[in-house]
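S.K.: can't give you the sequence, but here's the structure:
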Ligand code: M6R
């Protein structure tokens, strides 16, 4: 059942190149053009509101950056348990998107019901196509991750990101921001991800080595800018879920507004920094950590490590990836770090204490 792996989580991490390739195949015509349902039309939408819980909410957070950057479409995000109690101002011309692996999360389902009738279209992005959140939406987009057993969500996250990426491209096309040729170009780049993911999974042994040290920490910080900010939060959530180590993800620029007070030689700081337009800024935040004896683990590509790796505690070199789609790739080392740290601590990876796979109560 675990296909030769020790844990479902390990199997599900390893499956990602395959399931991402499947999802891309399903939603594109030969990898050249988008094949999303006709009803998914962003042309006359004035805003997209993305709602989810936990890992799904970090996928929404990444998608907010994509919708705004790629399609110039205002996007707002909320966690489902807050959304419906804050009297959200919903435009009747907006689209509300609910993201859920299980499709049964109580807060997300209630948020979907709250939005129904108040917005132009309710869309769900789900893994279980027969779920309540799939059935009650005007339109459900399956993420095609296959059954996910591990309580810590892994392949569902990267499949959610993939479907949201394709939606953002569709929004760019529908709104005249992208030509069909520009979309085809981005699809070709997305098509390289499964190969890059396989290469990234090759870092597993190196991650396991770092994890023996991380397992001794009391607190761990994750830092990132742009789409690496939600990835930092996802990395921290994954780590606390299965290793029970206290971890927080911060936007790098927020460091000096508080969390830098936590830094000492005992606190590992994991910096997610592909060599993109924000790299120099993230590195300068990282150097502030190093100046206070912080133990920095830098995750970047070869160019980034060559430029900024000196003086860090450890580095992990990922393949170079288009910065726009980097979150789909950087999810993998975040998952591997949590997995190997939990293994080093001897905690129950697939069934962590106090947690359920599907949270069907508020
Ligand atoms: O099934 P859902 O995607 O609606 O679940 C939402 C969260 O409960 C879920 O992502 C949770 O945070 C995971 N255990 C994270 O690994």
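M.R.: Received, thanks. As the structure is a computational prediction, the values presented were derived from the model and not from experiment.

S.K.: Which stretches in the stretch 151-300 of the chain count as helices?
M.R.: For the stretch 151-300 of the chain, the helices defined by DSSP state H, counting those that start in this stretch occupy 155-174, 180-191, 193-201, 204-214, 228-243, 279-291.

S.K.: Enumerate every residue touching the residue nearest to residue 357 when sequence neighbours are not counted.
M.R.: Excluding the flanking residues, the one nearest residue 357 by Cβ to Cβ, 6 or more residues apart in numbering is residue 151, at 5.2 Å. Any C-beta I mention is one placed from the backbone N, CA and C, and that applies to glycine too. Residue 151 sits next to 241-242, 350-352, 355-357 when contact means Cβ atoms under 8 Å, 6 or more residues apart in numbering.

S.K.: May I ask which helix or strand encompasses residue 99?
M.R.: When elements are assigned from DSSP states H and E, residue 99 belongs to strand 95-100.

S.K.: And that strand, what does it pack against?
M.R.: Applying 3 or more Cβ pairs under 8 Å, 6 or more residues apart in numbering; DSSP states H and E, one finds that strand 95-100 makes contact with strand 48-52, helix 54-71, helix 106-115, strand 121-126, helix 155-174.

S.K.: count of residues packed around residue 285?
M.R.: For residue 285, the neighbour count with other Cβ atoms under 10 Å is 22.

S.K.: ok, for the closest residue to the ligand within the stretch 51-200 of the chain, nearest residue in space, not its chain neighbours?
M.R.: Per Cβ to the nearest ligand atom, residue 54 is where the stretch 51-200 of the chain lies closest to the ligand, at 2.0 Å. Counting by Cβ to Cβ, 6+ apart, residue 237 is the residue found nearest to residue 54 once chain neighbours are left out, at 6.7 Å.

S.K.: For the one you found, give its distance to residue 153.
M.R.: Computed as Cβ to Cβ, to the nearest Å, the residue 237 to residue 153 distance reads 9 Å.

S.K.: Those two: which has the busier surroundings?
M.R.: Between residue 237 and residue 153, counted using other Cβ under 10 Å, residue 153 has the larger neighbour count: 28 against 22.

S.K.: Report the separation between the more buried one and residue 129.
M.R.: Taking Cβ to Cβ as the measure, residue 153 falls 17 Å from residue 129.
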